[in-house]
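**Q** below is the structure, and that's it, no one-letter string:
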């Protein structure tokens, strides 16, 4: 379980996420509307680079399915930095 704290001038907002992929969804819903678009553009760029500048739907879907937790983490952190937010991410153990 991950805990995301976003620090605003007016206070702190806390979110609990199962993993970084889940955190992308939470940030997209709660903080920013363009993080998913950023991720998809990133994957499109990789596909175009790998496929000599041509889009290939099969390759695109393959890359999308194979994103690893570390890659999701990098996208999350880059996006939070781009938004200029102060944040903290902690691993937590929660039993509910």
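**A** Happy to help now that I have it. Just so you know, these numbers come straight off a predicted model, no measurement behind them.
**Q** quick one: residue 14 and residue 3 touch, right?
**A** Yes: contact criterion C-beta atoms under 8 Å: residue 14 and residue 3 qualify, at 6.4 Å. To be clear about C-beta, it is placed using only N, CA and C from the backbone, and glycine gets the same treatment.
**Q** looking at the two, which is more packed in?
**A** Neighbour tally, residue 14 and residue 3, criterion other C-beta atoms under 10 Å: the higher count belongs to residue 3, 15 against 9.
**Q** ok, residues contacting the helix of greatest length in the chain?
**A** In the chain, assigned by DSSP state H, the helix with the most residues is helix 35-50. With contacts defined as C-beta atoms under 8 Å, 6 or more residues apart in numbering, helix 35-50 is touched by 24, 27-28, 54-56, 59-60, 63-64, 67, 75-76, 78-79.
**Q** pull out the buried members of those residues.
**A** 24, 27, 28, 59, 60, 63, 67, 75, 76, 79 (16 or more other C-beta atoms under 10 Å).
**Q** next, give phi and psi for the last one.
**A** Backbone geometry at residue 79, expressed as degrees, to the nearest 10, gives phi -70, psi -40.
**Q** can you pull the pLDDT of it?
**A** We have a pLDDT of 80 for residue 79.
**Q** so it sits right up against residue 28, yeah?
**A** No: using C-beta under 8 Å, residue 79 makes no contact with residue 28, being 9.2 Å away.
**Q** how far does the helix or strand of the chain with the lowest mean pLDDT sit from the chain's center?
**A** Sorted by mean pLDDT, DSSP states H and E, the helices and strands of the chain end with helix 35-50, the least confident at a mean of 79. Mean-position distance between helix 35-50 and its chain equals 13 Å (C-alpha atoms, centre = their mean, to the nearest Å).
**Q** what are the ranges of the helices in this protein?
**A** Using DSSP H, helices in the chain cover 20-30, 35-50, 57-65, 69-82.
**Q** taking helix 57-65 as reference, get the angle to the longest one.
**A** The one in question is helix 35-50. Per axes from the mean of the first three to the mean of the last three C-alpha atoms, to 10 degrees, the angle that helix 35-50 makes with helix 57-65 is 130 degrees.
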